[in-house]
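**Student:** next come a sequence and a model predicted from it.
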Amino acid sequence: MPTQKRGRGTGHPAEMRENESITLPEVRLVLIGGRWAGKSSSGNTILGEERFECGRIRTAQSEKRHAVVGGRRLIVVDTPGWRSSLSLTEIPEVDKQQLKLNASTCMPGPNVFLLVVPIDTAFSAESRRTVEEHMKLLGERVWRYTMVLFTCGDFLGEKTIEQHIESEGDSLKWLMERCRNRYHVFNNHEQSPSNQVTRLLEEIDEMVWRNNGSYYEVDEQTLDIIKKKQQEVTERAEERRRRSEEQSHQMKALIAGECHSRAHSNKHFLYYIFQQL
Ligand SMILES: Nc1nc2c(ncn2[C@@H]2O[C@H](COP(=O)(O)OP(=O)(O)OP(=O)(O)O)[C@@H](O)[C@H]2O)c(=O)[nH]1
Ligand SMILES: [Mg+2]
């Protein structure tokens, strides 16, 4: 089946075609995908400036940035890259939890997950497995809010993105189907001002409209984990405060005791001197 870019106005009743997007005053985006895919660079392109470290510096933990772009608030969350060739059982428990928590970084929940896929690297069966395994952790519903963001658009050359998808094989076609053929292309090295971000936001508006304005909601279990973590942090802070207060009391008592004993011995010394006179 040839891949076709979905145009506005497809598959919906005529009365809905008039206004097929919702312009949200605030858009919450989470960048996800494999290591070195161009997530942080794409975050910077969206924000219009270098707000995330990228290139040699690997993103070690999720980071959130706010900006106003085109008159609306954007919350962009950058996340650590997924390691490939790991099956669900091999992904460390801490990474699994972190992945789930990333979505809760922009509460009440992301409007869109941008699944970053670089054009300059083949999307293999292993890439598919990596995506599949990691997305499972976010639940089936995550696909409803996911859009593929191709990076390295400068590698396309004369090809169109549709030709690239066609030539890539079944794994990428599987991904496009899972994402309901929603995609966008970025060239993060483009120097001159371009409308690639404006167009991305339009695509997101359309997606939000199709999702009836809903967003990905973090599940109860994850919220429990967050609450527990927050509670642990509060308890640790309280414990630190209590300990430092205790230490300061002990120190004061020690100093007071020392002064007292010195004063005492000074008194004896003065008395001795006095006797000698
Ligand atoms: N040519 C080209 N290079 C790109 C593009 N986007 C990203 N890169 C390069 O790809 C490399 C990785 O980019 P990052 O943005 O750091 O990738 P990342 O996904 O955040 O990487 P991790 O945080 O390590 O997972 C950098 O050298 C970028 O300059 C693009 O559109 N075109
Ligand atoms: Mg990064």
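**Tutor:** Yep, that arrived. Ligands and ions are numbered 1, 2, ... in the order given.

**Student:** I would like the residues contacting the helix or strand harbouring D95, please.
**Tutor:** Under the criterion of DSSP states H and E, D95 resides in helix 93-103. Applying Cβ atoms under 8 Å, 6 or more residues apart in numbering, the external contacts of helix 93-103 come out as 30, 32, 61-62, 77, 79-80, 109-110, 113, 134, 137-138, 216, 218-219, 222, 225-226. C-beta: built from backbone N, CA, C; applies to glycine.

**Student:** among the residues you listed, which are in strands?
**Tutor:** If you go by DSSP state E, these have 30, 32, 77, 113 in strands.

**Student:** I'd say the third one and T105 touch.
**Tutor:** It stands for V77. Yes: the criterion here is Cβ atoms under 8 Å, and V77 meets it with T105 at 4.9 Å.

**Student:** higher neighbour count, those two?
**Tutor:** Between V77 and T105, V77 has the larger neighbour count (other Cβ atoms under 10 Å), namely 23 against 19.

**Student:** list the contacts for that one?
**Tutor:** 28-31, 62-64, 102, 105-106, 110.

**Student:** show the pLDDT at it.
**Tutor:** Looking at V77, its pLDDT stands at 97.

**Student:** how about the residues of this structure by ligand 1?
**Tutor:** 35-41, 54-55, 58-59, 81, 151-154, 186-189 (Cβ under 6 Å from any ligand atom).

**Student:** show me how to select, in ChimeraX, the buried members of those.
**Tutor:** This is the ChimeraX syntax for the buried subset of the residues of the chain next to ligand 1, where burial follows 16 or more other Cβ atoms under 10 Å:
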select :37,38,39,40,41,54,59,81,151,152,153,186,187,188
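
**Student:** just the residues of the chain next to ligand 1: which are in helices?
**Tutor:** Under the assignment DSSP state H, the residues of the chain next to ligand 1 contribute 39-41 to helices.

**Student:** which residues touch the closest residue to ligand 1 within the chain?
**Tutor:** Residue of the chain nearest ligand 1, by Cβ to the nearest ligand atom: G81 (2.5 Å). By Cβ under 8 Å, 6+ apart, the contact set of G81 is 33-37, 39, 58-59.

**Student:** for those residues, give me JSON lines that also has distance to ligand 2.
**Tutor:** Listed next are the contacts of G81 as JSON lines, based on distance: Cβ to the ion, whole Å:
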{"residue": "G33", "distance to ligand 2": "10"}
{"residue": "G34", "distance to ligand 2": "11"}
{"residue": "R35", "distance to ligand 2": "8"}
{"residue": "W36", "distance to ligand 2": "8"}
{"residue": "A37", "distance to ligand 2": "8"}
{"residue": "K39", "distance to ligand 2": "5"}
{"residue": "R58", "distance to ligand 2": "6"}
{"residue": "T59", "distance to ligand 2": "3"}
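
**Student:** what's the closest of those to T198?
**Tutor:** Comparing the contacts of G81 against T198 with Cβ to Cβ picks out K39 as the nearest, at 20.2 Å.
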